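K.L.:
Okay, here's the prediction I keep looking at, along with the sequence it came from:
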Amino acid sequence: MLKSIALPIALFSIVATAHADEGQWQPHQLSQLKSELKKIGITIPAENLSDLSRHPMSAMVKVDGCSASFVSGDGLVVTNHHCAYDAIQRNSSAQKNLIANGFLAKTRAEELPGGANMAIYVTDKVDNVSERVLKNLAANLTGKERKEEVQSRIKALIAECEADKAYRCSVPSFHRGLEYYRIRQLMIRDVRLVYAPSDRIGEYGGEVDNFEWPRQTGDFSFVRAYVGKDGRPAAPSPDNVPYKSKDFLVVSAEGLKNGDPILLAGYPGVTSRYKLPSELRYARDTALPARVAENEADVAVIQGATGGNADHEVRYASVVKRLNNVLKKAKGLVEGFARKDIAAIKDGQDAQFRAWYANNGAKAGGSPTMLADLDTLIAADIALSREQFAMSVASNSDLLKSAMTLYRLALEKQKPDAKRESGYQDRDIAIIKGRLTRLEQSLVPAVDEARFGAALQRYARLPAAAHPKGLDALLPAPNALGALYRKSQLANTALRIEWIGKDAADFTRSDDAFIKLAVRLYDVAIALENRTKELEGNLERVVPQYMTSLIAYQKSQGKPVYPDANSTLRVTFGTVSPYAPRDGLVKGPFTTVEGIAEKHTGAEPFNAPKAVLDAVKAKRYGVFKDSVLGTVPVNFLSSADTTGGNSGSAVMNKRGELVGLNFDSTYESVTKDYYFDSAITRAIHVDIRYMLWVMKEIDGADNLLKEMTIKYPKK
């Protein structure tokens with residue numbers, strides 16, 4: 001049980017007066033933010049938010065790379081439509097298209113398997129293990145040796161934590177290697193799709209409206225957690241029973257209004273707010289434009305290769321959706337950097353810090369050469385990242401990546417489990433198998449060949465200095481891939497899975513073309529990995545010194561100090577808020593069902609279901625009508641601090657009741673991954689009243705409405 005966590009010595013008293021809205025806080029930090037929570041009107045005791053065993057934190061879960069929450073005692077989980085999209089796609093075909101038609105299980109027996117790798121993670125314990133990871137590291141270790149020693153200690157901590165096989169544990173770093181926390185999560189492996197509206201609701205507006213406001217998207221779905229009859233996690237089985245969740249959120253249909261406080265809890269992915277100006281400029285000028293170009297090209301190839309074949313389009317629907325989402329965000333970042341010179345802002349902040357460090361660095365635990373050492377290492381990291389990107393482009397084939405994973409697994413299995421690379425230990429084999437199995441529903445060899453050939457051509461056009469040493473001579477010619485695919489059996493799922501148990505010698509003897517290519521590429525890939533370890537190990541000597549000093553400086557300036565997001569459970573808070581993206585334009589915080597009808601064209605992505613249009617025209621709002629708006633709200637804005645991974649996060653009112661789900665940010669907000677601008681940073685949420693209205697009026701999901709505990713407005 002986690003009731004509170006004392007801050008480590010390095011971070012005592014670092015939580016200065018928080019700036020409203022900014023901050024992706026670790027739960028244990030919330031107890032220090034009582035005044036800020038009270039100021040905006042949150043009535044939940046801060047101590048409850050610091051305690052993972054108490055409501056509402058005990059209802060928060062992670063699913064398929066997104067955030068989610070329990071909403072019934074029978075393991076019912078609500079998250080975004082796009083978070084359950086893989087499960088929807090895997091159960092779809094051209095003849096039975098659940099993406100287009102939606103899906104509702106009226107009984108438990110009708111619920112569909114989420115997929116081999118879909119799991120629900122319930123965080124129940126967090127321990128500060130910084131001392132066990134970092135204490136007595138020898139000063140004379142090379143960067144690679146230091147990195148591997150730290151990883152060895154982390155693997156031991158994980159093995160200790162996973163003595164009970166019901167749990168999946170991790171030891172991520174915080175503040176760029178300054179701290180390490182061990183996260184214990186109950187891992188529920190049998191997850192089933194319960195309900196998802198049609199994508200004409202769940203994705204209304206599509207890529208046109210992605211990251212835009214105003215928005216009218218019903219981005220929600222439901223899945224259910226199943227366990228063995230003993231109540232413990234078990235492999236998917238028809239004999240399993242619904243998980244009895246210890247806690248779940250009460251759903252409030254009472255509504256919000258402009259200025260109301262909200263809490264948001266979830267698993268934000270990655271932010272980079274403590275990056276140096278040089279790192280930000282590399283992202284702005286090189287990395288992000290390259291990612292935009294790469295994803296645009298890949299999406300175009302997939303669409304060209306699948307066009308006209310409905311079954312192939314369904315198979316690649318999830319892949320295209322994921323690529324498009326990354327693409328739009330990357331474009332938004334590029335445009336955001338052009339709109340506001342964040343690099344110049346960072347330059348000013350960095351100059352002020354360096355001036356402070358010149359007088360206070362020694363007292364803050366830094367060395368005289370720390371900043372110079374850091375600048376040198378960051379420059380090397382930027383140079384190496386160009387090669388890492390090139391390697392990812394050159395291996396853009398699901399069959400090649402599968403072969404490389406399988407060969408690496410065979411090599412790692414020659415070592416004792418504790419000595420294997422993370423990702424290839426015994427604990428990882430089920431995940432690898434699930435990933436390889438999942439290709440059954442998302443691979444077409446001809447499409448994979450088209451993607452690989454086009455990627456090889458793009459790789460050839462990258463600067464020669466970015467090509468990993470020795471790689472060019474090993475890659476196949478783009479126009480000779482047909483033979484490669486004809487001489488491989490890896491497209492066959494059963495034969496692909498059989499390779500999991502084979503020895504390294506089986507790979508070197510194999511005539512399978514992709515296996516042979518993976519064997520040839522191994523030395524280049526491992527050389528790049530070893531160089532990465534050397535650099536990361538050296539960065540992890542210096543960056544913690546920098547972060548310790550920066551934290552001391554931030555504290556002296558009265559600024560909030562919270563770790564960058566790293567996919568661990570965080571809490572943020574704010575208010576329902578409009579914003580002004582430019583002079584003379586103010587965008588209100590709510591959209592309504594009337595906006596769906598106004599945008600409807602009858603063609604994708606603005607092709608609303610007839611049942612929705614009819615209900616809006618007839619003003620069948622029921623109890624979900626907002627007294628101020630006079631209609632049903634669809635989406636709303638808040639000033640909460642979010643990023644990717646927060647999709648599906650529970651948005652709660654001041655009492656901790658579910659009032660919405662986070663699913664996006666405004667286009668002007670995407671630069672918040674690097675810099676939080678409270679004037680324009682807004683998160684987009686689907687209003688719980690629209691969700692309930694769709695369930696009641698459109699899809700007849702009365703069984704789920706009865707299962708949840710819902711507080712309706714007083715008449």
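P.N.:
Nice, thanks for sending it over.
K.L.:
Grab the nearest non-local neighbour of Ile201.
P.N.:
Gly218 (4.1 Å; CB to CB, 6 or more residues apart in numbering). For glycine as for every other residue, the C-beta is placed from the backbone atoms N, C-alpha and C.
K.L.:
For the nearest residue to Glu111 once chain neighbours are set aside, which three-state class applies?
P.N.:
Closest residue in space to Glu111, ignoring its immediate chain neighbours: Arg192 at 3.9 Å, by CB to CB, 6+ apart. Counting by DSSP: H, G, I helix; E, B strand; the rest coil, the backbone at Arg192 sits in strand.
K.L.:
surely Arg192 meets Gly114?
P.N.:
Yes: Arg192 is within contact range of Gly114, at 5.8 Å (criterion: CB atoms under 8 Å).
K.L.:
more neighbours, those two?
P.N.:
Gly114 (28 against 23; other CB atoms under 10 Å).
K.L.:
Is it correct that the more buried one is in contact with Val191?
P.N.:
Yes: between Gly114 and Val191 there is a contact under CB under 8 Å: 3.9 Å.
K.L.:
list residues touching both of these two?
P.N.:
Residues touching both Gly114 and Val191 by CB atoms under 8 Å, 6 or more residues apart in numbering: Ala87, Val223.
K.L.:
which residues touch Lys244?
P.N.:
Gly73, Asp74, Gly75, Gly231.
K.L.:
Looking at those, spot the one nearest Asp350.
P.N.:
Distance to Asp350, by CB to CB, is smallest for Gly75 among those, at 48.1 Å.
K.L.:
Do a quick rundown of the strands in the stretch 451-600 of the chain.
P.N.:
Ranges of strands within the stretch 451-600 of the chain are 570-575, 579-582, 585-587, 590-592, based on DSSP state E, counting those that start in this stretch.
K.L.:
residues making contact with the first one?
P.N.:
If I follow you right, that is strand 570-575. Residues contacting strand 570-575 (CB under 8 Å, 6+ apart): 20-21, 23-27, 30, 36-37, 40, 42, 49, 57, 259-268, 638-642, 683.
K.L.:
quick one on the thing from earlier: overlap of the contact sets of Arg192 and Gly114?
P.N.:
Val223.
K.L.:
Output the contacting helices and strands for the longest helix seen in the chain.
P.N.:
Determined from DSSP state H, the single longest helix within the chain is helix 513-556. On a contact count with 3 or more CB pairs under 8 Å, 6 or more residues apart in numbering; DSSP states H and E, helix 513-556 meets helix 143-161, helix 342-360, helix 370-394, helix 398-412, helix 481-486, helix 504-509.
K.L.:
Mean neighbour count, the ones you listed: which tops it?
P.N.:
Highest mean neighbour count among the helices and strands packed on helix 513-556 (mean count of other CB atoms under 10 Å): helix 398-412, with a mean of 22.
K.L.:
and the helix or strand that that helix is followed by, C-alpha only, in PDB?
P.N.:
The helix or strand immediately downstream of helix 398-412 is helix 429-438, counting by DSSP states H and E. The C-alpha trace of helix 429-438 is given here as PDB (Å, rounded to 0.1, in the frame of the first residue of the first chain):
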ATOM      1  CA  ILE A 429       8.800 -13.600 -24.500                       C
ATOM      2  CA  ALA A 430       5.000 -13.500 -24.200                       C
ATOM      3  CA  ILE A 431       5.100  -9.900 -25.300                       C
ATOM      4  CA  ILE A 432       7.300 -10.700 -28.300                       C
ATOM      5  CA  LYS A 433       5.100 -13.600 -29.200                       C
ATOM      6  CA  GLY A 434       2.000 -11.300 -29.000                       C
ATOM      7  CA  ARG A 435       3.600  -8.700 -31.200                       C
ATOM      8  CA  LEU A 436       4.600 -11.300 -33.800                       C
ATOM      9  CA  THR A 437       1.100 -12.800 -33.600                       C
ATOM     10  CA  ARG A 438      -0.600  -9.400 -34.000                       C
END
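K.L.:
circling back to that earlier point, and the longest helix of the chain, how far from the chain's centre?
P.N.:
21 Å (CA atoms, centre = their mean, to the nearest Å).
K.L.:
repeat for stretch 376-392
P.N.:
Distance, centroid of stretch 376-392 to centroid of chain: 23 Å (CA atoms, centre = their mean).
K.L.:
could you dump it to CSV, C-alpha only?
P.N.:
The C-alpha coordinates for stretch 376-392 follow below in CSV (Å, rounded to 0.1, in the frame of the first residue of the first chain):
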residue,chain,number,x,y,z
THR,A,376,30.0,18.3,-25.5
LEU,A,377,27.9,15.2,-24.7
ILE,A,378,24.6,16.8,-26.0
ALA,A,379,26.4,17.6,-29.3
ALA,A,380,27.5,14.0,-29.6
ASP,A,381,24.0,12.8,-28.8
ILE,A,382,22.5,14.9,-31.5
ALA,A,383,25.0,13.5,-34.0
LEU,A,384,24.3,10.0,-33.0
SER,A,385,20.5,10.5,-33.2
ARG,A,386,20.9,11.2,-37.0
GLU,A,387,22.3,7.7,-37.4
GLN,A,388,19.6,6.2,-35.2
PHE,A,389,16.9,7.8,-37.4
ALA,A,390,18.6,6.5,-40.6
MET,A,391,18.7,3.0,-39.2
SER,A,392,14.9,3.2,-38.4
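K.L.:
which other residues reach it?
P.N.:
Against stretch 376-392 from outside (CB under 8 Å, 6+ apart): 276, 278-279, 282, 286-287, 290, 459, 462-463, 465-468, 471, 525, 528, 531-532, 535, 538-539, 542.
K.L.:
Let's see that with 7 Å instead.
P.N.:
276, 278-279, 282, 287, 290, 459, 462, 466-468, 528, 531-532, 535, 538-539, 542 (CB atoms under 7 Å, 6 or more residues apart in numbering).
K.L.:
Check stretch 266-274 too.
P.N.:
Contacts for stretch 266-274 (CB under 7 Å, 6+ apart): 24, 60, 62, 67, 176, 547, 550, 564-570, 642-646, 648-650, 662, 673-676.
K.L.:
switch the cut-off to 8 Å
P.N.:
So stretch 266-274 is contacted by 24, 60, 62, 65-67, 175-176, 279-280, 283, 547, 550, 564-570, 642-650, 662, 672-676 (CB under 8 Å, 6+ apart).
K.L.:
Can you list which of the residues you listed are found in strands?
P.N.:
Under the assignment DSSP state E, those contribute Met60, Lys62, Cys66, Ser67, Arg570, Ala650, Asn662 to strands.
K.L.:
Check what pLDDT the third one gets.
P.N.:
pLDDT for Cys66: 97.
K.L.:
Output the below-cut-off pLDDT ranges for the protein.
P.N.:
Across the chain, the ranges flagged by pLDDT under 70 are 1-20.
K.L.:
For the stretch 601-715 of the chain, which segments count as strands?
P.N.:
633-638, 650-652, 658-665, 683-687, 710-711.
K.L.:
Quick one: these as TSV, columns for distance to Asp448 and mean neighbour count too.
P.N.:
Below are the strands of the stretch 601-715 of the chain laid out as TSV (distance: least, CB to CB, whole Å; neighbours: other CB atoms under 10 Å):
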stretch	distance to Asp448	mean neighbour count
strand 633-638	37	27
strand 650-652	38	28
strand 658-665	30	28
strand 683-687	34	27
strand 710-711	46	16
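K.L.:
nearest to Gln489, of those?
P.N.:
Judging the strands of the stretch 601-715 of the chain by CB to CB, what sits closest to Gln489 is strand 658-665, at 40.6 Å.
K.L.:
so that closest one versus strand 633-638, what angle?
P.N.:
Interaxial angle, strand 658-665 versus strand 633-638 (axes from the mean of the first three to the mean of the last three CA atoms, to 10 degrees): 70 degrees.
K.L.:
Show me what strand 658-665 is packed up against.
P.N.:
Counting by 3+ CB pairs under 8 Å, 6+ apart, strand 658-665 packs on strand 76-79, strand 251-252, strand 261-266, strand 650-652, strand 683-687, helix 688-693.
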